[in-house]
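Q: Attaching a predicted model along with its sequence, questions to come.
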Amino acid sequence: MPKKAIQEPIVTEIRSLRILLVDDDSLILTMLTAWLEDTGYEVKSVENGSDAVSMLPDFKPNLVITDLCMEEMDGIALLKEVQKYNSILPVIILSGNADIPDAVRATHQGVFEFLTKPVDPDKLFHYVRLALARVGAATNIDFAPKIIHQSVIMANLLKQAQRVAKTRSSVFIGGATGTGKELLANAIHNASPRCDKVFMEVNCGALSEQLLESELFGHEKGAFTGAVRKNLGMFQAANGGTLFLDEVGDMSPNLQVKLLRVLQDGKVRPVGAVNSVEVDVRIISATHHNLEAATKRGEFRDDLFYRLNVIPLYMPSLSERKEDIPLLIGHFLGIQAEKEELEETPRFAPEALEYMMSLPWYGNVRQLENVIEQCSVLSISPIIPVSLVKEALRESENNLQTLAEARKEFDQYYLNRILNMVNGDIKHAANIAGYKMEKFEKLLKQFNIDSTNFRRCYDKDTAGDDIHII
């Protein structure tokens, strides 16, 4: 092997990169191990696929290099097992007697590269370098496994989030809609000492002020018209765990004051209650608004902002992490293939991939996922053309709700929530909504809502003692 190929600097911080070698030929295994270890990689070698699979959780490789033809479990079968373990872990397959169908089969399955033996060292190191650059040295699949990434910006963010997870500090997650703020909040909870306790979430912008107050802080029976049962509220229900306040920037000024009091005192007083209840809840909040600017405009309390913004994290938009797009595409295509039980996972034509990489993706990961699902369903070929991508994007833009449609959807959701809370009592529901009975009944008729569907029977002697979370 040429000496300069061994000494060539492949990537920075090589010592932190791990490669798993699999080959039933002990001579080849010894040779490849020597090459890679001389370059500075940490290498583990095994002679069969079963041992390789069992080693994945402990060794946590950044790359797998495997022979194609092996007894019991061949390279393609091993590739499938690796993808089950970690869908973005790259695999390079080597073969001494493979033909074109083998290479095509491996490519369709998602192999990073298919190389023939005898292996040229320079060529092997070239693809090793590319593969490791794709996933990055800092990728930790144990933290936030649902956040698919290879970009430096995401790797750095997840490093910060992983450190923060171990603390008790409140976390604020900023970022545009569709970037995955809820996924990050879940990951922080799952990596925290509270992981065995409950994770609860509420969208502060989706509920009226009165409903949100009851949802968060709870209420006593009879605290207001329609309060026919005692409600613990999310703070008490999440005691010992984590409460995720999504779109906290939409919270009304009155509720901001009450939330601030809970964060300061560690106690919550339900609506209508005399005494407060101690709670131990970690708060993770998020919004697509610029809260710092909102505080300067007087729209959001600065003292509450500082309580929430102890540890600020920012989810980048997809346009800021474009190198993640190929991985996300592969991930969503794999999900779609499994959902539709396809024999062959679809993939995008090169010009379609290039086009998708050039787009701004204003809807971020959520929009990308929707477009990929539509393309996968509508494509009559396993190779998705660029024309279908453009059609799906036009459909995605056209399907954006108008303001009237969004209001209609919210009104319907709001009415259902109220009726469910008051067990279908129209009079109580109308009072909560601030409508006269006649107008409220017309509203229900307009949305084709039957209040009797929300009526439940309770024993008069015991119903008042029931405790529910709305």
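A: Perfect, I can see it now. Numbers count the residues shown, from 1 in each chain.
Q: And E278, how far from V202?
A: According to CB to CB, to the nearest Å, E278 and V202 sit 21 Å apart. Backbone N, C-alpha and C define where each C-beta goes, glycine included.
Q: Likewise for Y127?
A: Distance of Y127 to V202, given as CB to CB: 47 Å.
Q: and if you look at I383?
A: Separation of I383 from V202 (CB to CB) stands at 43 Å.
Q: between these two, which one's more packed in?
A: Between I383 and V202, counted using other CB atoms under 10 Å, V202 has the larger neighbour count: 18 against 11.
Q: What's opposite that one in the beta bridge?
A: Beta-bridge partners for V202, by DSSP bridges, are L245.
Q: How is the protein partitioned into domains?
A: For the chain, automatic domain parsing gives the domain ranges 3-135, 152-314, 318-398, 403-468.
Q: Generate a markdown table for those, with distance to A144 and mean pLDDT as supplementary columns.
A: A markdown table is the format used below for these (distance: least, CB to CB, whole Å; pLDDT from 0 to 100):
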| stretch | distance to A144 | mean pLDDT |
| --- | --- | --- |
| domain 3-135 | 12 | 80 |
| domain 152-314 | 4 | 90 |
| domain 318-398 | 13 | 88 |
| domain 403-468 | 30 | 70 |
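Q: Helix or strand: which one has the spatially most central residue of the chain?
A: Centrality entry for the chain: nearest residue to the mean C-alpha point is L183, 3.3 Å, by CA atoms, centre = their mean. Here L183 sits within helix 181-190, counting by DSSP states H and E.
Q: Other residues contacting that helix?
A: The contact list for helix 181-190 (CB atoms under 8 Å, 6 or more residues apart in numbering) reads 143-144, 146-147, 157-158, 161, 164-165, 171, 173-175, 195, 199, 201, 241-242, 244, 246, 282, 284, 286, 313, 315.
Q: of these, buried ones?
A: Neighbour-count burial (16 or more other CB atoms under 10 Å) applied to those gives 143-144, 147, 157-158, 161, 164-165, 171, 173-175, 199, 201, 241-242, 244, 246, 282, 284, 286, 313, 315.
Q: Identify those among these that sit within strands.
A: Judged by DSSP state E, strands contain the following of the buried ones among the contacts of helix 181-190: 171, 173-174, 199, 201, 242, 244, 246, 282, 284, 286, 313.
Q: List just the nearest of these to S50.
A: F199 (35.8 Å; CB to CB).
Q: Quick check: the closest one touching G240?
A: No - using CB atoms under 8 Å, F199 makes no contact with G240, being 11.1 Å away.
Q: quick one on the thing from earlier: alpha carbons of the helix holding L183, as PDB, please.
A: Output in PDB follows, covering the C-alpha atoms of helix 181-190 (Å, rounded to 0.1, in the frame of the first residue of the first chain):
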ATOM      1  CA  LYS A 181     -38.900  21.800  18.300                       C
ATOM      2  CA  GLU A 182     -41.200  19.200  19.800                       C
ATOM      3  CA  LEU A 183     -38.800  16.400  18.800                       C
ATOM      4  CA  LEU A 184     -35.900  18.300  20.600                       C
ATOM      5  CA  ALA A 185     -38.000  18.800  23.700                       C
ATOM      6  CA  ASN A 186     -38.800  15.100  23.800                       C
ATOM      7  CA  ALA A 187     -35.200  14.200  23.400                       C
ATOM      8  CA  ILE A 188     -34.200  16.500  26.300                       C
ATOM      9  CA  HIS A 189     -36.800  14.900  28.500                       C
ATOM     10  CA  ASN A 190     -35.800  11.300  27.500                       C
END
